[in-house]
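> Okay, here's the prediction I keep looking at, along with the sequence it came from:
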Amino acid sequence: MKEMCRMLIQHANKIGMEVVSTLNVEEQKNYMEELRALHERQAKEAEEAQQAKLLRGATAAATAEKGGKK
């Protein structure tokens, strides 16, 4: 069991996870707030990227349409 835990911790560290032996309530609260803020930023960035992609597509379509009407 000890060896299995050691391997699991090593794999977690390899992918960038930090394993702690204890976590008090305040530390967990801070971590969850940071994680929530990160997820909100990532969602906002993804939405902005999607909107920019749609705008580029609409602009390209309008330009192509103008070129065809000449």
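Structure's in. What do you need?

> and the nearest residue to residue 19 once chain neighbours are set aside, how many residues sit next to it?
Nearest in space to residue 19, with sequence neighbours left out and distances taken as C-beta to C-beta, 6 or more residues apart in numbering, is residue 9 at 4.8 Å. For glycine as for every other residue, the C-beta is placed from the backbone atoms N, C-alpha and C. Here the count is done by other C-beta atoms under 10 Å, and residue 9 has 14 residues near it.

> With residue 24 instead?
The burial count for residue 24: 8, using other C-beta under 10 Å.

> and the gap between it and residue 31?
Counting by C-beta to C-beta, to the nearest Å, the separation of residue 24 from residue 31 is 11 Å.

> In three-state terms, label residue 19 for me.
coil (DSSP: H, G, I helix; E, B strand; the rest coil).

> and it, what does it touch?
With C-beta atoms under 8 Å, 6 or more residues apart in numbering as the criterion, the residues that contact residue 19 are 9, 12-13.

> Which of those residues fall in strands?
Using DSSP state E, no member of the contacts of residue 19 falls within strands.

> Now render those as JSON lines, adding distance to residue 38 and pLDDT.
Formatted as JSON lines, the entries for these read as follows, by distance: C-beta to C-beta, whole Å; pLDDT from 0 to 100:
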{"residue": "9", "distance to residue 38": "23", "pLDDT": "95"}
{"residue": "12", "distance to residue 38": "18", "pLDDT": "95"}
{"residue": "13", "distance to residue 38": "20", "pLDDT": "94"}
